[in-house]
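sequence first, predicted coordinates after that:
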Amino acid sequence: MSKEADIWVLRLHTHSGKVQEYRCSTEGQARQFALVLSVPAEQPSQPSA
């Protein structure tokens, strides 16, 4: 997370090696967004046989 020209920038590296960039107007928004994105997604459960 960094501040560039009065915009907070969040850069995330994906498993495929790509970089996703998100821009937020306030540091609070950027921190909250980073927190939400840092939580791993739940894996869908497999139906039991």
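Looks like it arrived, so ask away. Model, not experiment: these values are computed from the prediction.

rest of the way, CA atoms for contacts and neighbours
Noted.

quick one: the residue positioned nearest the centre of the chain from His15, how far?
In the chain, the C-alpha nearest the mean C-alpha coordinate belongs to Leu37, at 3.6 Å (CA atoms, centre = their mean). In this view, Leu37 and His15 are 14 Å apart by CA to CA, to the nearest Å.

where does pLDDT dip in the chain?
By pLDDT under 70, the weakly predicted segments of the chain are 41, 43-44, 48-49.

the helices in it, which residues?
All helices of the chain, identified by DSSP state H, fall at 27-38.

now do the residue nearest to Ala30 when sequence neighbours are not counted: how many residues are near it, please.
Excluding the flanking residues, the one nearest Ala30 by CA to CA, 6 or more residues apart in numbering is Cys24, at 5.5 Å. For Cys24, the neighbour count with other CA atoms under 10 Å is 16.

could you measure from Cys24 over to Gly17?
23 Å.

what's the answer for Gln46, then?
Gln46 sits 28 Å away from Gly17, going by CA to CA.

before we move on, what about Arg23?
With CA to CA as the criterion, Arg23 and Gly17 are 20 Å apart.

and what of Arg11?
12 Å.

between these two, who's got more neighbours?
Arg11 (13 against 8).

contacts only, for that one.
Contact analysis of Arg11 by CA atoms under 8 Å, 6 or more residues apart in numbering lists Met1, Val19, Gln20, Glu21, Tyr22.
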